[in-house]
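Undergrad: Predicted model follows, preceded by the sequence.
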Amino acid sequence: MIAALAVFELSPIGGNVRFYSGWIQCGHKPISSDLSNDSIKYYYESMSWPGSHSAIEYFCTPLEAELAGYSANPNRYEFPNINKQQ
């Protein structure tokens, strides 16, 4: 039973442990990263329901995601939060 749970958590449809520990660390739902588009790394607001948290990384703010190189737009590189800081 424990082995099956571990395999599920490590599979592409798992990832709940990382997601909820990110939520605890941030104090709110984390920002998720995605690399499904072959060329553009982007971030998006995480879903709240369990079972589909296969993001590459989690960030507490959109600015943290942008500083790590993730775009706000999945179609082209946009970094609005970095631009606000300048």
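TA: Yep, that arrived.
Undergrad: Show me which positions of the helix ranked longest in the chain end up buried.
TA: With DSSP state H setting the assignment, residue counts place helix 16-26 as the longest helix in the chain. Neighbour-count burial for helix 16-26, with 16 or more other C-beta atoms under 10 Å as criterion, is recorded at 16, 18, 19, 22, 23. In this view, the C-beta of every residue, glycine as well, is placed from N, C-alpha and C.
Undergrad: Mind giving me the packing neighbours of the helix or strand that that helix is followed by?
TA: Where DSSP states H and E defines the elements, the next helix or strand beyond helix 16-26 is strand 31-34. Here strand 31-34 touches strand 42-45, strand 58-59, helix 62-67, going by 3 or more C-beta pairs under 8 Å, 6 or more residues apart in numbering; DSSP states H and E.
Undergrad: Okay, now the sheet partners of the shortest one, with direction.
TA: Pointing back at strand 58-59 there. strand 31-34 (antiparallel) (DSSP bridges).
Undergrad: For this protein, give me the ranges with low pLDDT.
TA: Filtered on pLDDT under 70, the chain yields the residue ranges 1-15, 35-38, 48-55, 86.
Undergrad: at 80 what do you get?
TA: 1-18, 34-38, 47-56, 85-86 (pLDDT under 80).
Undergrad: For residue 79, state which of the buried residues of helix 16-26 is nearest.
TA: Using C-beta to C-beta, residue 22 comes nearest to residue 79 of the buried residues of helix 16-26, at 21.3 Å.
Undergrad: so the closest one touches residue 30, yeah?
TA: Yes - here residue 22 reaches residue 30: they are 3.9 Å apart, a contact under C-beta atoms under 8 Å.
Undergrad: Name the residues contacting each of those two.
TA: Here residue 22 and residue 30 share the contacting residues 58, 60, scored by C-beta atoms under 8 Å, 6 or more residues apart in numbering.
Undergrad: before we move on, the earlier item: just the CA trace of the longest helix of the chain, in CSV.
TA: C-alpha atoms of helix 16-26 as CSV (Å, rounded to 0.1, in the frame of the first residue of the first chain):
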residue,chain,number,x,y,z
ASN,A,16,0.4,16.3,-4.0
VAL,A,17,3.0,16.1,-1.3
ARG,A,18,5.2,18.7,-3.0
PHE,A,19,2.2,20.9,-3.8
TYR,A,20,0.8,20.9,-0.2
SER,A,21,4.2,21.4,1.4
GLY,A,22,4.7,24.4,-1.0
TRP,A,23,1.3,25.7,0.2
ILE,A,24,2.4,25.4,3.8
GLN,A,25,5.8,27.0,3.1
CYS,A,26,4.2,30.0,1.2
